[in-house]
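1. give me the fold of what follows.
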Amino acid sequence: MDAIYPGSFDPVTNGHLDIIERAARKFDHLVVAVLNNPSKKSIFTVEERIDLLKRVTEHLPNVEIDFFSGLLSDYVVKKNCYNIVRGLRAVSDFEYEMQMAIVNRKLNPQIETFFLVADTKYSFLSSSVVKEIAQLNGNFSCLVPKVVEEALKDKFKGGI
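-> Numbers count the residues shown, from 1 in each chain. Here you go, the predicted structure:
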C-alpha cells in the first residue's frame, strides 16, 4: 500500500522527519509532497524544500519527494495514490485535519486519511516556531536536521 504525506515543509523539522520515518515503515511507498502555494510567503523555494527533504530522507529507500500545486484531491488522482498521511500534534490539529479529511473524501470518495500522532517530544514543534527562533538567532539545533539548520542559518545571516 502506498501513501502521500503532503505539507509545506518550510522548513522540514524533526517532527516531520519522525512522521516520514514512521509512515515509511507502514507503507510500501511514501510520497512526501511539497505544496507549492504561490500566495503563501515561504522562507525556502519549492526547489530548496525538495532538496532538503531529499537529503534528510536519503536513508529511506521507499520515500519519494515530489511537489504539487492546487488541490490535494487532484494530486492524489494524478499519482494514483489515495492514502493520505497527516501528523497530529494536538487536539487543535485534529479538528482542522478531520475537517480536511472529510472535505478530501467529499471531493473523492476513494481518499482515506491516516493520522499519526506526533511523538511527545515533537508535540510543540512547528515550522513557524523554528523560523521564528532562527530569525531571532536562537538555538534551534535540536528541532531540525543538521542540513536544515545550516540552510536556515544561511537564510538568516545578518539577522532580520
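2. pretty sure residue 64 contacts residue 34?
-> No - using CB atoms under 8 Å as the test, residue 64 is too far from residue 34 to be in contact (11.5 Å). Placement of C-beta: from N, CA and C, glycine included.
3. check the offset of the helix ranked longest in the chain from the chain's centre.
-> Using DSSP state H, we find that the single longest helix of the chain is helix 91-107. Put simply, helix 91-107 sits 16 Å off its chain's centre (CA atoms, centre = their mean, to the nearest Å).
4. can you pull out the low-pLDDT segments for the protein?
-> Low-confidence regions of the chain, defined by pLDDT under 70, span residues 158-160.
5. ok, back up a step: looking at residue 64 and residue 34, which one has more neighbours?
-> residue 34 (25 against 17; other CB atoms under 10 Å).
6. checking the more buried one next. Helix, strand or coil?
-> Here residue 34 is recorded as strand under DSSP: H, G, I helix; E, B strand; the rest coil.
7. just checking, next helix/strand downstream of the longest helix of the chain?
-> strand 112-117 (DSSP states H and E).
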